[in-house]
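Asks: model this:
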Amino acid sequence: LPLLHGLNPEQLAAVTLPQGHALILAGAGSGKTRVLTTRIAWLLHMGYASPGGIMAVTFTNKAARDMKARLRRECEREALATDDAETAALWQHRARQLENAPISTIHSFCTSLLRRYALRAGLDPGFAVMDEVQHSLLLQETLRRSLLDRLDADEPSAATAVAALGLQGALGAVSKLVRAREAWQAELDAPPTAADLLARWAAEQDSVTRERLNLLVMSPAWTRHAAALREHRGSDSRDRLEGLRVDLLALIGGAESRAAALPDRLACLARISTLGNVPGKGQGWSEDDMAAVAEACRHFKNKGKEPADSIRDLCSDDDTDPTPAAELTAAVYLEAHHALNAFQQAKAEEARLDYDDLQVLVRDLLATNERVRRDCHERYRHVLVDEFQDTNALQRDLLWLVAGAEPASPPGHEAGRGVGPSSAGAEADRDPAAPVLPPPGRLFVVGDAKQSIYRFRDADVTVFDAVRRDFGAAEGSQRERLAVTFRSHP
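Replies: Sure thing, here's the model as predicted:
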């Protein structure tokens, strides 16, 4: 077939996999996006799907536009390659259909689905979607007003949070919880008191350390310097500072992973101080990038800086009284609860949704409305996902439901959940509240776990690991690895 010309053997095998679930493990530069795009063209050529029956998800608008453009060129090339007028007309028709095909970001797909089923989702059909700048401005304004109003009203929890963390630190901790509200939904719906936390911590001593660790990785110092390490990088992978940055990011990601076992998180934390000294100079850096990365590394490693001192405190064995930590944690939860309510009210008054709303509303609509779920199952026979390592649990559940999975339990009612998402099945093989895999043949997933250290939009690599296990256990599922890279190396 002309559309298969130029593929190497690994890519060809992946594109033409039989009709079962497919997981493609692909490294950077291995042509994984081309594989996914050619897979769609192959499904069309074989008559397995029409453009409207294929849902393809990637994680930037540019990538979605590029994928559509590639597919249009593929269809036009097929039309030119045949001498049969009817076949040529079919491929030209497919090229036109691709204009409206659901090949988009997950947020664009959710927006389209909610507009189609707005009344069933309880929405104003004219709802507006905030972009990230609008979302950030409204969130900051609402959270600040909520906390200051409660300070003026002499609310004890507001005073406790600000006294311990400062105004900016308290706002940062509250913002972190609200921004990750799906992961912390139980605590935001019904904030635990200090007594609740102490009772639970007494039953499970590890919870004390876990909650302290969660507070640490939400602290302003941690988040600020971790963000610097993720935003700035050198161009020479052999440079010592770039090597330190990559190693430190991997350990930071391990310490932040709420789904990992606590000993593994603490081991990552402890290893941070054992990394080599911060080099005074390096190769392949701009002056600004090198200064930002070196400063962030020193704050993670050097005594007298934060979060380095907090890391050392947490890794040392002591008999710290848990009461202050419980009171602070309870205060932050309660302030986040009130701030989130204020934020939701502000959005509702203006009929506006943010990106998290889109995903949660679609997931809940699919989980609770059988008619909508059946419509999606019949419409989207093939669901293809690019860059799956950038996916979190909410997005996985949403995609699985679109592809034909049945909900495992009502959303927001996961059984056996502890305080904070880190308590929920850290050692379990899979989330019992997650939908099981859809019917065979509907999923084609491409990803690279090695790229997950950049944590695009709160991605969780443990989701990717769990999906690998699920695919491995599912009958008829296929796994292919693209090992050949087409990028140059120094």
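
Asks: my guess is R371 is in a helix, correct?
Replies: Yes: under DSSP: H, G, I helix; E, B strand; the rest coil, R371 sits within a helix.

Asks: That one - how many residues pack around it?
Replies: When counting by other C-beta atoms under 10 Å, one arrives at 9 neighbours for R371. Heads up, the C-betas are built off the backbone N, CA and C, glycines and all.

Asks: Report the contact partners of it.
Replies: Contact partners of R371, counting by C-beta atoms under 8 Å, 6 or more residues apart in numbering, are R120.

Asks: wouldn't W285 be in contact with L241 here?
Replies: Yes: under the criterion of C-beta atoms under 8 Å, W285 makes contact with L241 at 7.0 Å.

Asks: quick one, which of the two is more surrounded?
Replies: When neighbours are counted by other C-beta under 10 Å, W285 and L241 differ, and L241 comes out ahead with 24 against 21.

Asks: Please identify the helix or strand for the more buried one.
Replies: Using DSSP states H and E, L241 sits in helix 240-256.

Asks: Could you do A95 as well?
Replies: Going by DSSP H and E, A95 is in helix 85-97.

Asks: circling back: overlap in contacts, W285 and L241.
Replies: Residues touching both W285 and L241 (C-beta under 8 Å, 6+ apart) are G234, V293.

Asks: returning to that earlier point: can you name the residues in contact with the helix holding A95?
Replies: L44, S50, P51, G52, L71, R72, C75, E76, E78, A79, L80, T82.

Asks: Give the buried subset of those residues as a PyMOL selection command.
Replies: To isolate the buried ones among the contacts of helix 85-97 in PyMOL, judged by 16 or more other C-beta atoms under 10 Å, type:
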select buried, resi 44+51+71+75+78+79
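
Asks: What residues sit buried inside the helix holding A95?
Replies: Buried residues in helix 85-97 (16+ other C-beta under 10 Å): A88, L90, W91, R94, A95.

Asks: just stretch 33-53 next, same as before
Replies: 33-45, 51, 53.

Asks: likewise stretch 119-126?
Replies: The neighbour-count check on stretch 119-126 (16+ other C-beta under 10 Å) flags A121, L123 as buried.

Asks: Now do that stretch: distance to the chain's middle.
Replies: 26 Å (C-alpha atoms, centre = their mean, to the nearest Å).

Asks: All the helices of the stretch 1-150 of the chain, residue numbers only.
Replies: Taking DSSP state H, counting those that start in this stretch as the criterion, the stretch 1-150 of the chain carries its helices at 9-15, 32-46, 61-81, 85-97, 106-116, 132-152.

Asks: no, scratch that, I was asking about the stretch 351-490 of the chain
Replies: Under DSSP H, counting those that start in this stretch, the stretch 351-490 of the chain gives helices at 355-368, 370-379, 393-402, 461-473.

Asks: Tell me how far K68 lies from R34.
Replies: 14 Å (C-beta to C-beta, to the nearest Å).

Asks: Contact partners for G282?
Replies: G234, D236, D239, R240, L241, E242, M290.

Asks: Redo these as TSV? Include distance to D354 and pLDDT.
Replies: Shown next, in TSV, are the contacts of G282 (distance: C-beta to C-beta, whole Å; pLDDT from 0 to 100):
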residue	distance to D354	pLDDT
G234	34	89
D236	39	89
D239	39	91
R240	41	90
L241	37	92
E242	35	91
M290	35	92
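
Asks: Now list the buried members of these.
Replies: Buried, going by 16+ other C-beta under 10 Å: G234, D239, R240, L241, E242, M290, out of these.

Asks: Now for these: which two are most distant?
Replies: R240 and M290 (11.4 Å; C-beta to C-beta).

Asks: Comparing the helices of the stretch 351-490 of the chain, which stretch has the densest surroundings?
Replies: helix 393-402 (a mean of 24; mean count of other C-beta atoms under 10 Å).

Asks: Packing partners of it?
Replies: With contacts defined as 3 or more C-beta pairs under 8 Å, 6 or more residues apart in numbering; DSSP states H and E, helix 393-402 has these neighbours: helix 106-116, helix 355-368, helix 370-379, strand 382-385, helix 461-473.

Asks: To T274, which of the ones you listed lies closest?
Replies: helix 461-473 (22.7 Å).

Asks: Using CSV, write out the CA atom coordinates for the closest one.
Replies: Extracted C-alpha coordinates of helix 461-473, given in CSV (Å, rounded to 0.1, in the frame of the first residue of the first chain):
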residue,chain,number,x,y,z
VAL,A,461,3.2,8.0,35.1
THR,A,462,1.7,5.4,37.5
VAL,A,463,-1.4,5.5,35.3
PHE,A,464,0.8,4.6,32.3
ASP,A,465,2.4,1.7,34.3
ALA,A,466,-1.1,0.5,35.4
VAL,A,467,-2.3,0.5,31.8
ARG,A,468,0.7,-1.5,30.7
ARG,A,469,-0.2,-4.2,33.3
ASP,A,470,-3.9,-4.1,32.2
PHE,A,471,-3.0,-4.5,28.6
GLY,A,472,-0.5,-7.3,29.4
ALA,A,473,-3.3,-9.2,31.2
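
Asks: What's the mean pLDDT across it?
Replies: Mean pLDDT, helix 461-473: 78.

Asks: just stretch 262-281 next, same as before
Replies: Stretch 262-281 comes out at a mean pLDDT of 88.

Asks: From one end of that stretch to the other, what's the distance?
Replies: 35 Å (C-alpha to C-alpha, to the nearest Å).

Asks: So what touches that stretch?
Replies: 206, 209-210, 213, 240-241, 244, 247-248, 250-257, 290, 294, 297-298, 300-302, 308, 311-312, 314-315, 422, 426.

Asks: Farthest-apart pair in the contacts of helix 85-97, please.
Replies: Among the contacts of helix 85-97, G52 and L80 lie farthest apart (C-beta to C-beta), at 23.4 Å.

Asks: If we ignore the residues flanking it in sequence, what's nearest Y117?
Replies: Closest residue in space to Y117, ignoring its immediate chain neighbours: V372 at 5.5 Å, by C-beta to C-beta, 6 or more residues apart in numbering.

Asks: returning to what we had before: between the helices of the stretch 1-150 of the chain, which one is nearest to L361?
Replies: helix 106-116 (6.0 Å).

Asks: And the helices and strands packed on helix 393-402: which comes nearest V402?
Replies: Of the helices and strands packed on helix 393-402, nearest to V402 by C-beta to C-beta is helix 370-379, at 5.0 Å.

Asks: Would you enumerate the residues in contact with M218?
Replies: Here M218 is in contact with G172, A173, K176, L177 (C-beta under 8 Å, 6+ apart).

Asks: Which one (most neighbours) among those residues?
Replies: Result: A173 is most packed of the contacts of M218 (other C-beta under 10 Å), 25 neighbours.

Asks: Identify each buried residue in whichever strand or helix holds it, please.
Replies: Element membership of A173 [criterion: DSSP H and E] is helix 156-179. Using 16+ other C-beta under 10 Å as the test for burial, helix 156-179 gives 157-158, 160-162, 164-165, 169-179.
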